[in-house]
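In: Structure, please.
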Amino acid sequence: MANLLVTGGAGFIGGNFVHYWNAHHPEDFVVVLDALTYAGNRSTLAGAPKAELVEGDIRDQELVESLLRKREITTIVHFAAESHVDRSISGPDAFIDTNILGTHALLKAARSVWLAGDGRAHRFHHISTDEVFGSLGPEDPAFSETTPYAPNSPYSASKAGSDHLVRAYHHTFGLEVTTTNCSNNYGPYQYPEKLIPLFLLNALHGRDLPIYGDGMNVRDWLHVEDHCRGIEACLARGRPGQTYNIGGGAELPNITVIDTICAEVDQAFQSIDKLADRFPDAPPARGERSASLKTYVDDRAGHDRRYAIDESCARAELGYVPQRSFDGGLRQTLAWYLDNEDWWRPLL
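Out: Numbers count the residues shown, from 1 in each chain. Reported below is the predicted structural model:
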């Protein structure tokens, strides 16, 4: 039995992790600390019976220390972050504040309570991204745990800074930490600014599908449930101080992802009764193809060309293997958004 503090647990990946942990570890209790910014949503935690939501800022060290003591927390799983690259280009300050200063406040709180305080067994698990490694060429080997950091956006630079702080608190102070660097997540509860939910909902509403550049930027796609499974394995078997890459094994150019979304939306209108009544502006409701909405726009500033994940270390040490194929995971994701209109409709 354990008590976990999950930061950012009302967001996309954090919320999925809370549901996953409740289902697979019903004896444990989860405290969610979330500032409920635009990307945090109370309704994401509906149906998570053993989760307590505390609205607060990870930069509030006094609050974090209080939660660690009063709730007898033994594990922090740190998701809370500003994460949208476009937003980091237009307003980088929030990324420095949350991702670097916020992570440092959490580390200071953990050190104060767990090391200088009662000395209890503990784990600080930090969620990072493959974007800290920069951009790959077409023939370059995939990112491994030893790939040098080369962040190219304010977002990835802020995550790189937080990664280094986590590492430093282990090597300098002895805090028991692990870090996972994940690839592009998708699945239920994702805020509709990211590619897959944005394009799904745009297609359903007959809106343009804006494709950056030539659409050939490559990403590795990871279903969020596989990501949760990887974090679980890291908490159980990860070596303190070690980082692990968690990927989905689906390295695809953006245009392929977008074409797959269009095809799945078209198929849904053929197989689901009255879908055209719910979304009359979608091209399939008018006898057209969703791909007709594709449009090309100027590329994003500093847009990394390719990411790829070498997850052999996680496979060997943690026993992690992704279980969702991209096609199956995307089909399940579309079904979730169609079945949960009451969750995403207010966000639009």
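
In: which residues of the protein fall in strands?
Out: Taking DSSP state E, the strands of the chain run over residues 3-7, 29-34, 51-55, 75-78, 123-129, 177-182, 184-186, 209-212, 218-223, 243-246, 251-253, 294-297.

In: which residues touch stretch 17-30?
Out: 1-6, 9, 32, 45, 47-52, 71, 77, 79, 225, 228-229, 231-232 (Cβ atoms under 8 Å, 6 or more residues apart in numbering). (Each C-beta comes from the backbone N, C-alpha and C, glycine too.)

In: could you redo the last one with a cut-off of 7 Å?
Out: 1-4, 6, 9, 32, 45, 48-51, 77, 79, 225, 228, 231-232 (Cβ atoms under 7 Å, 6 or more residues apart in numbering).

In: How about the contacts made by Asp214?
Out: By Cβ under 7 Å, 6+ apart, Asp214 lies in contact with nothing.

In: tell me the pLDDT at it?
Out: Note for Asp214: predicted pLDDT of 95.

In: on that earlier part again, buried among the contacts of stretch 17-30? Make that a PyMOL selection.
Out: Filtering those down to the buried ones (16 or more other Cβ atoms under 10 Å) takes a single PyMOL command:
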select buried, resi 2+4+6+9+32+45+48+51+77+79+225+228+231+232
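
In: Contacts only, for the closest residue to Arg300 other than its chain neighbours.
Out: Closest residue in space to Arg300, ignoring its immediate chain neighbours: Tyr212 at 5.2 Å, by Cβ to Cβ, 6 or more residues apart in numbering. Contact analysis of Tyr212 by Cβ under 7 Å, 6+ apart lists 297, 299-300, 303.

In: Could you dump those residues into CSV and include neighbour count?
Out: Output for those, formatted as CSV (neighbours: other Cβ atoms under 10 Å):
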residue, neighbour count
Val297, 10
Asp299, 13
Arg300, 14
His303, 13
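
In: re the thing from before, among the strands of the chain, which is nearest Glu317?
Out: Evaluated with Cβ to Cβ, those place strand 243-246 nearest to Glu317, the distance being 7.2 Å.

In: coming back round to it: kindly state which of the strands of the chain is positioned closest to Asp86.
Out: Of all the strands of the chain, strand 209-212 comes closest under Cβ to Cβ, at 9.8 Å.
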